[in-house]
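Novice: Next one to model:
(chains A and B)
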Amino acid sequence: MWTYNKILEYPINIKCPNPKLAKFIISQYGGPDGELAASLRYLSQKFAMPDQKSKAVLNDIGTEELAHLEMVGTIVHKLTEGASIEEIEKAGLGAYYTDRGVDVYPQSAGGTPFTAAYIACKGDPIANLQEDLAAEQKARATYEKLIDLCRDDPDVIDPLRFLRQREVVHFQRFGEALRGVQDKLAEKKFYMNNMDCNNMNNNNDCDCGR
Amino acid sequence: MEENENRNCGCGCNMNNTDCSYTPEGVNAAFGYNSVPNDNCNNNDVREKMMAEIKSLNFAIIELAEYLDTHPDDKKALCLHKEYANELNELKDKYQRIYGPLSIYYPCNKWRWLEEPWPWERSDFNVDL
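Specialist: All right, here's what the predicted structure looks like:
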């Protein structure tokens, strides 16, 4: 289960509102390669992973992504908090303000609401981990584009760089997990789709009636 | 470094030994959980009992916290929260020393975080996390 800690994973010191940047950065909150998608992707895939390392990696990275979700939400909030209506309109956030006010809503930079269609769970640990590797690279690329767009605001760039670096580290961990899974699947007596209670290790008495 | 390697975190594992050589019965006894029937070192009963207690304390705290969020001046709820939170911390510490970490924040000389079962898994021993 999850518990909440009243700390950000990395400090965010944004002093001046800048709704223009918020409009772009919100994509890492609820966009196709955003932190919500990342978190749901890993935390949904962890259940059927075949070895110890991949279960732990998906669980722990999925958890860290929730902390990143909070960071991105904090950035968006601080960039819009205290902005005037004129600034919000000028930033192209008039439509957003109409529907969401000053809430942080999971949507892409283009305004598409978050959808689970952004994530994949293929029921195959190799396919899933390859998807995760690609997802980390896409998120890294997105952060690099955002860093370009925020070039005049070092206070915003700082946490974005941290988040970008985490994508690189996660890519590394998923690569290691993938190699572990490949080894596991190469073992002689491994049943990947073992849903039959009679074949469960030492678990012939599960009373499920099969 | 040498000092660190020799320090035993109390979870029953030893850094100088590659396989985790913890003996739950002995540790259980040390913590006062020696009321288990002596049936061939079956210490799952103790584990299950401790886990059940952790779960009820955990839920009680969640429930109290949500209540206190809207009733911060309720002295009785506050008192209960304090009591349960202290009890849970103590119990979780005991549990983790024997059975390994419940979160990544528990310090240990061996990375026992990888040990199964995870809460979503059927376990070989009768413990549901």
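
Novice: which non-adjacent residue is nearest the residue in chain B that chain A sits nearest to?
Specialist: Per CB to the nearest CB, residue B:114 is where chain B lies closest to chain A, at 4.3 Å. The C-beta positions use only the backbone N, C-alpha and C, and glycine is treated the same way. Nearest non-adjacent residue to residue B:114, counting by CB to CB, 6 or more residues apart in numbering or on different chains: residue A:52, 4.3 Å away.

Novice: Counting neighbours, what do you get for the one you found?
Specialist: 15 (other CB atoms under 10 Å in any protein chain shown).

Novice: so what's it up against?
Specialist: B:114-116 (CB atoms under 8 Å, 6 or more residues apart in numbering or on different chains).

Novice: Need these in a markdown table (columns: secondary structure).
Specialist: Formatted as a markdown table, those follow (DSSP: H, G, I helix; E, B strand; the rest coil):
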| residue | secondary structure |
| --- | --- |
| B:114 | helix |
| B:115 | coil |
| B:116 | coil |
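
Novice: Going by secondary structure, residue A:58 is in what exactly?
Specialist: Assigned by DSSP states H and E, residue A:58 belongs to helix A:52-80.

Novice: buried ones in that helix?
Specialist: Across helix A:52-80, burial judged by 16 or more other CB atoms under 10 Å in any protein chain shown covers A:53-80.

Novice: Within reach of chain B, which of the residues you listed are there?
Specialist: With CB under 8 Å from any CB of the partner chain as the criterion, these include A:53, A:55-56, A:59-60 near chain B.

Novice: Pull the contacting residues for the residue lying closest to residue A:128 once chain neighbours are set aside.
Specialist: With sequence-adjacent residues excluded and distances taken as CB to CB, 6+ apart, residue A:128 is closest to residue A:45, at 4.6 Å. By CB under 8 Å, 6+ apart, residue A:45 lies in contact with A:58, A:121, A:128, A:132.

Novice: do the same with residue A:141
Specialist: Counted by CB under 8 Å, 6+ apart, residue A:141 has contacts residue A:33.

Novice: and what of residue B:116?
Specialist: Contacts of residue B:116 (CB under 8 Å, 6+ apart): A:52, A:55, B:123.

Novice: what does residue B:115 give?
Specialist: A:52, B:100.
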